[in-house]
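Q: Build me a model:
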Amino acid sequence: MSIEVIIFFLVAISAIVSAVLMVIQRNPVKSVLFMIVNFFCLAIIYLLLHAQFIAIIQILVYAGAIMVLFLFVIMLLNLGDESLLKEKANFRKMIAYLLSGVILLELIIGIILPPNTFLQTQSPEAVKIGSVEAIGASLFNNYLLPFEAVSILLLAAIVGVVVLAKKKFK
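A: As a prediction, the model looks like this:
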């Protein structure tokens, strides 16, 4: 069994456990934290599939921006109820430490291994598909018009929200 398969199974088990813990949590903040662990596990799986760009976007967009938005909304909804946010030492905390340790072990293994360990099992064309260069070339050559249309649509939506917000404040 290769090291890539072992890492995949460790990450897959971590993703499943963190997803189950995310769903069964009573505290929404802890649930969001387990969702972040799940997003990092998915990013590692994307890296194992040689989709570097998607892995980085997974971390930046989902584990970064979207989770900040979720936490902001949760904090706004639970503004007066501080008793839900108190920490208790129990079984869930031990599972969180275990998942963190597994992810740390996976990162250490990824740093220690030589850079071309995983690239030997795939063809050069398959490795190029998930790279930043391949996605950028496809985006700006084949899909330039839809990309620019979406950016103009988003800009119009932002301007519309600002106009509506100004009318509301008057």
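
Q: Residue 58 reaches residue 45, doesn't it?
A: No: Residue 58 is not in contact with residue 45 according to C-beta atoms under 8 Å; the separation is 9.3 Å. Just so you know, the C-beta spots here come from the backbone N, C-alpha and C atoms, and that holds for glycine as well.

Q: Show me which positions of whatever helix or strand residue 111 lives in end up buried.
A: Per DSSP states H and E: residue 111 is located in helix 91-112. By 16 or more other C-beta atoms under 10 Å, the buried positions in helix 91-112 come out as 92, 96, 99, 102-103, 106, 110.

Q: That helix - contacts with which helices or strands?
A: For helix 91-112, the contact count by 3 or more C-beta pairs under 8 Å, 6 or more residues apart in numbering; DSSP states H and E identifies helix 3-24, helix 28-48 as packing neighbours.

Q: Give me the contact list for that helix.
A: 3, 7, 10-11, 13-14, 17-18, 21, 25, 30, 33-34, 37, 40-41, 44, 47, 87 (C-beta atoms under 8 Å, 6 or more residues apart in numbering).

Q: what is the mean pLDDT for it?
A: Averaged across helix 91-112, pLDDT comes to 77.

Q: Kindly report the same for stretch 12-32.
A: Rounded mean pLDDT across stretch 12-32 is 88.
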